[in-house]
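> this is a predicted model, with the sequence first.
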Amino acid sequence: MTPDEQMKSGPEPVQEAAVEAAGLTRHFRIAETGRGVAGAFRSLFSRRARLIRAVEDVSFQIRPGSFVGYIGPNGAGKSTTVKMLCGILHPTAGEVRVLGLSPQAERRQVAARIGVVFGQRTQLWWDLPLADSYELLAAMYGVPAAVASRRLRRFDEVLGIGELLDVQVRKLSLGQRMRADLAGALLHAPEVLFLDEPTIGLDVVAKAGIRDFLREINAGGVTILLTTHDMDDVEQLCDRIMVINHGRLAFEGTLDGLRRQVGVPTTMHVDFAVEPGEPLPSLNSGMRISREGARVTVSFDRAEVSAARIVAAFQHHGEIRDIQISEPDIDEIVRRIYAA
Amino acid sequence: MPRPPAGSGEQSRSGPRTAAARPATAGYLRMLVRLAASGLRERMQYRFNFVVSFVLRGAVMIIDFALVAVILYRFGFVGGWDVYEIALLYGTASAAQGLYRTFADELERFETYLIDGRFDGILVRPWPTLMTLLARRFDFNRIGVALQGAAIAGIGTVELLRRGTLGYWGLPYVFLLPLLGAAVLFALSTATAALGFWLLRIDELQVFTMYAPLTASFYPLSIYPRWLKGMLYTILPMAYINYLPALYLLGKGAGPWALALSPAVAVVTVLAAYRFWLYGERHYQSPGT
Amino acid sequence: MAFLVTAWRMSFRRNLQYRGQHMVNNVASAIFGFIYIALWRAVMAGRPEGGQFTAQSLTLYIATCQCLLWITTFDHSGLQIARRVRDGTIASELLRPVGFAPLQLSQIMGHKSYNFVFRSLVLAAIFRLTVGFSVPASWGAWALSAAAWILACYTGALMTYFVGLAGFWTTEPSWMYLLLQSLALFLGGASIPMNLLPGLLQSIARLTPFPCMAYYPAAIHLGWAGVEALVPLVVWPVVLTALAAGLTDLARRRLEVAGG
């Protein structure tokens, strides 16, 4: 399937896109200083600048109600894109529209209708109890007290923030703060939610809780753009994916489409007790088998054949001591996109 | 009682230990130099800021001195001291502050080390904690403050020499004054920071033990009420860094003993403060999360 | 503008937790007052008594100014804004659907209200018990003085905000903060009454907003000046508010175009 056909594989957009970017570009100039003290001294008098193309000609459309995963290696330009969508960074070139409005020109109107969560920084007030932050947010967004309480109660059911309300934000653990930030971003019932690496640094349990919450929010009609480094987030939550690398969009479509285009292989290491004598069966054309003594490595597409079936087939060839499965990682996917 | 193997006693005295100590000190010095260089580089990177902050700093110092200068312009004398004599006091105290803050600036931020538990990271290093702490930051910018203070003191000194109020024999001592002042300020700062081992919150206290006495030392101590004078001669010994020696150098009082007393006080306070620091260090408890 | 009130209240509350340590600082602040008072007493010693300026009147003046400085100048809020610019957290404050300047100013005013209660009033008590602190004589004088203090406080809030805005352009706004303090002390009259400044300096001072932070409110409080001193105290806040709005736009644009 050609990339073109891929992009049309979803239903045709019937309404105005919730988020639209056209030719979005962002460059930075970084002053370069020479090495050592002498170099620094020289830089006082002359400046050499390097151009960084953080985002280069990115275009996409996000339909209302979708859950889009924006993935790419570190430094690919994800956060920069999100900042431009929120209006806190102006594009060097190109256009962006959120809910039909320009986040740069009509900032306040856009701000009232979007929610943002930055993974590494909190938007809450550092040395005040959590409840005070919510009170302040409710006041700023014009949410009536009764409505705010109702929403917070609902958030408490899923996120468990009720017990944190009297704690100062700086005393919260990372997982607690992330939940608190999410509740804060949704307090004014935004139509679009931008999440910049919200699960970074969290443990498995915490991540699961947040993913459940996001699924529920999205089901309620909120459009979500999630930038992440973690493929599991994408697999569990997103109906569309955009892959960015070195500032350019490398892929846009569904996860299935991505699989079909580059394959999203799972890797499984099977340790036999004794090196199998005969060649092992390849269950389909996509499977790759390699071996190193008693350790056999299988690369396969989880959508096509399950790990269990492979193990069942291999068991006939010898006693299996141990199995290890590892998930596809972003860098591998990106590499494959370019290799294809 | 088990005896160590023959010969090992001597070995441990002059062998590995001293051999290990020498590279450690050399390594420390090298680190200081590298730190100073990187501090300088860091500053120069933001060249606009470098220039702007130098100018602003100069402006602040000039304005602070202009305050007194204006009063003196209108009224001639303050407590029997005229504008050039006060320039000497003000300049040497400011230069002392500049010198002190160049190498000991990190002490001003000590509270964060205690609250956030960053002091743990200092304790695990193989060097005396105070030195490790100070080595974390070498604020080259503050040399500007020292130079500007020296300039003001210089203006005063030149005029006083011309008039003959200050004899040329006193000039070397005038150069010594900022060093004495830096030492006493360092002692006060260390002692205050050491209090932090018990009190934790010392930021506000530092204003009291450092900036209040420093400001007081800008002007002749004779004008202050007895209790304040008393404090400046005893627990906050700023009297010795400029006023007392100046009394003798400018022929206003005291005696040659003042010139000997000041360095003695500086040394004693530094040692006392350091002992207090070591004592407090033992009391340090790493804060939980 | 419910959020403004809320922001003000929150800021006040935030400072409340640190009031124990602040008490220590009050003693230090009193000492600074005593230093300047001693300076003036030494200057005035042996001079014929009489006229507006005597050792006692200047003592009261310095004491009043020390209390005023806490609600007009001594305030790290600007530096904190600059710090948030440096580490990027300012982004979330720029994202809000409310004006950046009103939000920051409310928080600053909350801080200054706290300072009024826990610093200025405490200092006033300390001075009253030691060297003296003057209190307005009539209801009219009280009202005038209160108006002067409030306007001075708001002017100070704007100046604090400018220090914060400086953080959008430079990484070392702490020197702007110190410069502001020095100017308030000097041209603003906190260490020397404005009308004692030599001619040229006095003219310059009159053209700046600094006397609004100390001299004008102190002069009104001590009865040295009447309603006419309220004029600069009203004009300057208006001018500075307009300037604040303009500079906020520039600051925001700078961040959005140059990148954080």
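Now that the structure is in, tell me what you want to look at.
> hang on, residue A:321 is in a helix, isn't it?
No - assigned with DSSP: H, G, I helix; E, B strand; the rest coil, residue A:321 falls outside any helix and is strand.
> grab the nearest non-local neighbour of it.
With Cβ to Cβ, 6 or more residues apart in numbering or on different chains as the criterion, residue A:321 has its nearest non-adjacent residue at 4.6 Å, and that residue is residue A:271. (C-beta placed from N, C-alpha, C; glycine too.)
> is the one you found in a helix, a strand, or coil?
strand.
> could you tell me how far it is located from residue A:322?
4 Å (Cβ to Cβ, to the nearest Å).
> circling back to that earlier point, touching, the residue nearest to residue A:321 and residue A:295? I think so.
Yes - checked against Cβ atoms under 8 Å, the pair residue A:271 and residue A:295 is within contact range at 5.3 Å.
> and residue C:20, helix, strand or coil?
Per three-state DSSP, residue C:20 ends up helix.
> for residue A:240, give me phi and psi.
Dihedral pair for residue A:240: phi -140, psi 150, per degrees, to the nearest 10.
> before we move on, back to that, neighbour count for residue A:271 and residue A:322, which is higher?
residue A:271 (13 against 10; other Cβ atoms under 10 Å in any protein chain shown).
> could you count how many residues lie near residue 135?
Answering for chain A, as no chain was given. Other residues near residue A:135 come to 18 when the count uses other Cβ under 10 Å.
> could you do chain C instead?
Residues near residue C:135, counting by other Cβ under 10 Å, number 10.
> ok, it to residue B:233 distance?
Residue C:135 is 36 Å from residue B:233, by Cβ to Cβ.
> near chain B at all, stretch C:63-81?
No - Stretch C:63-81 does not reach chain B (Cβ under 8 Å from any Cβ of the partner chain); its nearest approach is 10.2 Å.
> if we go by neighbour counts, what in that stretch is buried?
C:63-75, C:77-81 (16 or more other Cβ atoms under 10 Å in any protein chain shown).
> restrict the residues you listed to those near chain A?
Restricting those to those near chain A - Cβ under 8 Å from any Cβ - leaves none.
> distance between the ends of stretch A:75-94?
Chord length of stretch A:75-94, first to last residue, is 20 Å (Cα to Cα, to the nearest Å).
> tell me the mean pLDDT for that stretch?
Regarding stretch A:75-94, the rounded mean pLDDT is 88.
> how about stretch A:186-195?
94.
> do stretch B:130-141 as well
Mean predicted confidence for stretch B:130-141 is 78.
> how about that stretch and chain A, touching?
No - figure legend: stretch B:130-141 not in contact with chain A (Cβ under 8 Å from any Cβ); closest approach 10.7 Å.
> what comes up buried for that stretch?
B:130, B:132, B:133, B:134, B:135, B:137, B:138, B:139, B:140, B:141.
> could I get it in PDB with only the CA atoms?
This file holds the C-alpha atoms of stretch B:130-141, laid out as PDB (Å, rounded to 0.1, in the frame of the first residue of the first chain):
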ATOM      1  CA  LEU B 130      33.100  23.500  53.200                       C
ATOM      2  CA  MET B 131      35.700  23.500  50.400                       C
ATOM      3  CA  THR B 132      33.500  21.200  48.300                       C
ATOM      4  CA  LEU B 133      30.600  23.500  48.800                       C
ATOM      5  CA  LEU B 134      32.500  26.600  47.900                       C
ATOM      6  CA  ALA B 135      34.000  24.900  44.900                       C
ATOM      7  CA  ARG B 136      30.700  24.400  43.300                       C
ATOM      8  CA  ARG B 137      30.500  28.000  42.300                       C
ATOM      9  CA  PHE B 138      33.100  30.500  41.400                       C
ATOM     10  CA  ASP B 139      31.300  33.800  40.800                       C
ATOM     11  CA  PHE B 140      33.700  35.700  38.600                       C
ATOM     12  CA  ASN B 141      31.200  38.600  38.300                       C
END
